[in-house]
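Asker: pasting the structure only:
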């Protein structure tokens, strides 16, 4: 596997991106079921670690880049919900635990910029 920036190999030996100075988001391919690739993701920072195993690509599968774009989209949605949670209920409030949502809210601009960078680039990961 050959990676291009902003992807790199994390300390978990998985394709990853960096958000801010101290947080790494890594992806691990798990399986393909019903035409959808399933990934485990890890968010590791100096303040917390979080693991999720429910990340799925669209129908026809997709690679690591597509999976990372989807995950960043979910993180952005949770940041938006976090900012509204004191004002009104939002359906994305429960996507991640409170400590992850607080971090996502603080890093929302970096996450959105990284998402745009990944969406605009093609084939950052070659197999």
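Answerer: That came through, no problem. Since the model is a prediction, treat every value here as computed from it, not as a measurement.

Asker: paired strands for the helix or strand of the chain with the lowest mean pLDDT, with orientation please.
Answerer: Using mean pLDDT, DSSP states H and E, strand 125-126 stands out as the lowest-scoring helix or strand of the chain, at a mean of 86. Here strand 125-126 has these sheet partners by DSSP bridges: strand 2-3 (antiparallel).

Asker: ok, residue 69 touching residue 118?
Answerer: Yes - Residue 69 lies in contact with residue 118 (Cβ atoms under 8 Å); the separation is 5.1 Å. For glycine as for every other residue, the C-beta is placed from the backbone atoms N, C-alpha and C.

Asker: hmm, back to that, who touches the least confident helix or strand of the chain?
Answerer: By Cβ atoms under 8 Å, 6 or more residues apart in numbering, the surrounding residues in contact with strand 125-126 are 1-4, 7, 15, 63-65.

Asker: of those residues, buried ones?
Answerer: 3, 7, 15, 63-65 (16 or more other Cβ atoms under 10 Å).

Asker: ok so, going back, tabulate the contacts of strand 125-126 (TSV), appending secondary structure and pLDDT.
Answerer: Formatted as TSV, these follow (DSSP: H, G, I helix; E, B strand; the rest coil; pLDDT from 0 to 100):
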residue	secondary structure	pLDDT
1	coil	88
2	strand	93
3	strand	95
4	coil	95
7	coil	97
15	strand	97
63	coil	89
64	helix	94
65	helix	94
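
Asker: for stretch 17-36, buried residues please.
Answerer: Judged by neighbour count using 16+ other Cβ under 10 Å, the buried positions of stretch 17-36 are 17, 19, 23-28.

Asker: got those as a markdown table, with distance to residue 76 columns?
Answerer: Output for the buried residues of stretch 17-36, formatted as a markdown table (distance: Cβ to Cβ, whole Å):
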| residue | distance to residue 76 |
| --- | --- |
| 17 | 14 |
| 19 | 11 |
| 23 | 15 |
| 24 | 18 |
| 25 | 13 |
| 26 | 18 |
| 27 | 17 |
| 28 | 22 |
